[in-house]
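>>> Show me how the following folds:
(one chain, ligands or ions: 1)
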Amino acid sequence: MADIIKITDRISYIKATEKPLSADVGIIEGDESVWIFDVGADESVPISLNKISKPKNAVISHFHPDHMRNLEHVDLNEIYLGANTFKYAKRGTVVDKDVFIDDGITIHIFPLPSSHAKGSLGMEIGDYAFLGDATYSTMKQGKVCYNASVLKEEIAVLKNLSAKFFLISHDEKFIRPKEEIIEELEEIYKKRDPKESYICI
Ligand SMILES: [Zn+2]
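Coordinates of the predicted model:
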């Protein structure tokens, strides 16, 4: 069984692992349902999640296996994902605009432009926003690269969120101040060459 770490009365998570590579899993307690952000890949995760008696819904950040491999092993009512992730999961509800669900607390699911993975989603609950791997780069010929126009759109979406903390999957700290993340991304954006569509660092 995986340890469930509490952040607030309503928000907890299961920490990411490296062997096997498995993303951080968010667990949000609504009045009616429990909202799970990413289901990870480690086999201990579904054991812990399936012990939760309330109905469970999942939001999947993107299609990479470390975030969604456990989909078939968790008992779920609804799955929310981006169109690109749907191609891999082959089930669930596609989110292509902001969705707000009232479950005693407001669950805000939103598309998040990302250089790391097409069709990424984030989920915001009060002061906390789960971003998965969306703030990470992509690799191009062995280099760490960001798509400049996507990064610009991503910064705009992130600035608009009211959450004070961003939860960044695989990050040792995991819970990071919003300003710190935006500052890091803006520093990267400043390095762009207007003639190039990618910023490689
Ligand atoms: Zn990942």
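
>>> check contacts around the residue nearest to the spatial centre of the chain.
Among the residues of the chain, the one closest to the centroid is Gly132, at 2.6 Å (Cα atoms, centre = their mean). By Cβ atoms under 8 Å, 6 or more residues apart in numbering, the residues touching Gly132 are 23, 37-38, 61-62, 67, 112, 120-122, 169. Glycine gets a C-beta too; all of them are placed from N, C-alpha and C.

>>> Ok, Leu161 next?
110, 122, 124, 129, 178.

>>> which of these tops the neighbour count?
Gly122 (26 neighbours; other Cβ atoms under 10 Å).

>>> Okay, the residue lying closest to that residue once chain neighbours are set aside and Gly26: tell me how far apart.
In this structure, Gly122 finds its nearest non-sequential neighbour in Leu112, 4.4 Å apart by Cβ to Cβ, 6 or more residues apart in numbering. Leu112 sits 14 Å away from Gly26, going by Cβ to Cβ, to the nearest Å.

>>> Find the least confident helix or strand in this structure, judged by mean pLDDT.
Least confident helix or strand, the chain: strand 138-140 with a mean of 90, by mean pLDDT, DSSP states H and E.

>>> where does the spatially closest residue to the residue nearest to the centre of the chain that is not a sequence neighbour fall, phi/psi-wise?
When the adjacent residues along the chain are set aside, Gly132 lies closest to Ser61, with 2.7 Å between them (Cβ to Cβ, 6+ apart). Main-chain torsions, Ser61, degrees, to the nearest 10: phi -70, psi -40.
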